[in-house]
Structure formats: C-alpha cells, structure tokens
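S.K.: My questions are about this predicted structure, shown below with the sequence.
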Amino acid sequence: MKARPFLALAALALSFAAGPASAGDPVPSLSSPELAQGDYSAMHMLLEKTVLNVDVLTVDVKFGKAAHEKLKALAGGKSYSEGLGKQVADVAIKTDDALVQLKFARDVSLDMWMDAVFDNLEQARDAGLITPKIQERVKNALPTWFAALKERGYEKGDRVLYRVRPDSLRTVVVSASGKVLMDRLEKDKDAPRVVMSSYFAPKSDFRELLLKSLFKK
C-alpha cells in the first residue's frame, strides 16, 4: 500500500473541520462510554509504505452502539469474505456515530501532506467522495485552515481524531505530549458520510485491512 493516497484521504476528511473551535470539551477518546465497547465495536490497522517497509501511521475506528449491533449481527462468529466485507463496509460508511483516530509513526511535513491532498482531490471527486464545489473549496482553503501547523507539520506520536456525529464533525489534533494543536467543529450533515466513505470506499488503501481486523478474534 502507498502512503500518499492515504494521507490525502485523511487530509480530505480533516479539511471539513473548518468551523469554530470546540469550547472546553474533552479530547475524544476511543474508550468513551458514548461509544460501543467489546468485540466487533472497533477496527485497527497499520499503514506501511511498502517499498521501504516504513510504518506511516495507525488507524483506529470505534463505532457507536447502533452500528455495533449491526456489525455483531453481520460478523459475529464468522470468517472474513469479500461479500461479508462489503456488507460491513456499507454499515461503516452509513454510520453517523463513530470516532476515527490516526496516530503518526513518523514525521510528515505539512507541505508533503498538502501535496498529497492536491494530487488526490480530483480522484476523490471522481470516486464520488466529494463534489467539484467541495474540491475547489478545500484546495483554496487548506493553507489558511492549517496555517498553525505550517512550520511544525505532523510529528511522530501526533494524533488526529475525527468525532463523527449525525450533524457534525469535530476534529482534534493532539501532540505526543498531549498538547491540543487544533480543535475544530463543523456543523455539516454531509461531513460524517464523507469522512467514513474516505476510509471504506472500495478502492481505498485501508478498507480491506480495517474490515479484516473486525474478524480477528
């Protein structure tokens, strides 16, 4: 698998979070009681740059309780198959209650990250993940939205958290030391679907690994 397409799609999801910062809310957590716990409630994967076998980042997805019930019904006691994986992916894409966490395993400059976004925005549009209007808006706005990270970029141990809710998306960037570097809330009923689609679209670099991880018990 390649690092650049993943970073682009991760950036695409993050780029929706252009609204006002959240005020005093705790940083989203995979162990939050708002989210489901136990078997079939979470997915995990490690993305590698395969040519050099370099760890890039980990991805964790924790689902809300309604999606958890559907995932248990589909996957409980079964082995992974492409057909079953598609059904699970459909549940994941449609969910509007989830937490996605990225954790960087190495430093990534903001310029490298944005280059990946610009290279792949057109592909995301062609795949139906974003509209041409959103594509243009994101491309024009990214340098301003992420100006605070321009010099620093992403460092090893940084986490990006996307808290997906029915009508909003909260994005928090946290350093390895626990410092909140960005905290934004976007009120947008379409944002949850776009975020989840970016991870579970048929041609994404991480769909299969995430899906298979649900069945590893």
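M.R.: That came through fine. Numbering: from 1, shown residues only.

S.K.: which residues of the chain fall in helices?
M.R.: Under the criterion DSSP state H, the chain contains helices at 3-14, 65-75, 82-94, 110-126, 132-145, 191-200, 207-214.

S.K.: Which residue of this structure lies farthest from its centroid?
M.R.: In the chain, residue 77 marks the outermost C-alpha relative to the chain mean, sitting 26.8 Å out by CA atoms, centre = their mean.

S.K.: Do you know the pLDDT at that residue?
M.R.: Confidence at residue 77, expressed as pLDDT, is 91.

S.K.: Same question for residue 101.
M.R.: Looking at residue 101, the pLDDT reads 95.

S.K.: And residue 175, by the same measure?
M.R.: pLDDT, read off for residue 175, is 96.

S.K.: How about residue 7?
M.R.: 53.

S.K.: just residue 136 next, same as before
M.R.: At residue 136, the pLDDT value in this model is 75.

S.K.: and what of residue 21?
M.R.: Residue 21 carries a pLDDT value of 53.

S.K.: same thing with the one 5 residues further on?
M.R.: The per-residue pLDDT reported for residue 26 equals 92.

S.K.: next one: phi and psi at it?
M.R.: Dihedral angles of residue 26 (phi, psi; degrees, to the nearest 10) stand at phi -60, psi 160.

S.K.: Can you give me the distance of it to residue 48?
M.R.: 32 Å (CB to CB, to the nearest Å). Backbone N, C-alpha and C define where each C-beta goes, glycine included.
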